[in-house]
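Peer 1: give me a model of this one.
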Amino acid sequence: MSDTEKGFYSDEVIRELIAYRKKHKLTQQDISERSGIMRPNIARLESMRAEPSMDVLSRYAASMGMDIKISLVKKKQ
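Peer 2: Next comes the predicted model:
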């Protein structure tokens, strides 16, 4: 997987996390308090200025009662 592809997948997950957070009227501070991730790091993550680890993405998701699911799909050729 290329660096571009890695960024694409994490970007998609981040967009979903942001949408869920906003839909449920949670602030970045709420996520920070629930996840233990510092609020400035959440802001960087949400603005796509950081390449988050799977641990960070999982903690963010868990703070909203969610898990991240990874699935395998056949490559487009």
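Peer 1: packing partners for the host helix or strand of E16?
Peer 2: For E16, the host element (DSSP states H and E) is helix 3-23. Under the contact definition 3 or more Cβ pairs under 8 Å, 6 or more residues apart in numbering; DSSP states H and E, helix 3-23 sits against helix 28-35, helix 39-46, helix 54-62. For the C-beta atoms, the positions are set from N, CA and C on the backbone; glycine is no exception.
Peer 1: how far is the second one from where the chain is centred?
Peer 2: This points to helix 39-46. 10 Å (Cα atoms, centre = their mean, to the nearest Å).
Peer 1: in that helix, what's buried?
Peer 2: For helix 39-46, a neighbour-count test (16 or more other Cβ atoms under 10 Å) marks 41-42, 45-46 as buried.
Peer 1: then the longest one?
Peer 2: Of all the residues in helix 54-62, those buried under the rule 16+ other Cβ under 10 Å are 56-61.
Peer 1: what of stretch 61-68?
Peer 2: 61, 63-64.
Peer 1: quick check, nearest of the residues you listed to R34?
Peer 2: S63 (3.6 Å; Cβ to Cβ).
Peer 1: which ones are touching the closest one?
Peer 2: 30-31, 34-35 (Cβ atoms under 8 Å, 6 or more residues apart in numbering).
Peer 1: recalculate using a threshold of 10 Å.
Peer 2: For S63, the contact set (Cβ atoms under 10 Å, 6 or more residues apart in numbering) comprises 17, 21, 26, 30-37, 42.
Peer 1: so the residue minimising distance to the centre of the chain versus T27, what's the distance?
Peer 2: Nearest residue to the geometric centre of the chain (Cα atoms, centre = their mean): I14, 3.5 Å. I14 is 16 Å from T27, where distance means Cβ to Cβ, to the nearest Å.
Peer 1: next, the buried residues of the helix holding E16.
Peer 2: 10, 13-14, 17-18, 21.
Peer 1: so which of the buried residues of stretch 61-68 is the closest to K76?
Peer 2: A61 (26.7 Å).
Peer 1: distance-wise, check the closest one relative to Q29.
Peer 2: Taking Cβ to Cβ, one finds A61 at 17 Å from Q29.
Peer 1: where does this protein dip in pLDDT?
Peer 2: Along the chain, the parts satisfying pLDDT under 70 run over 1-8.
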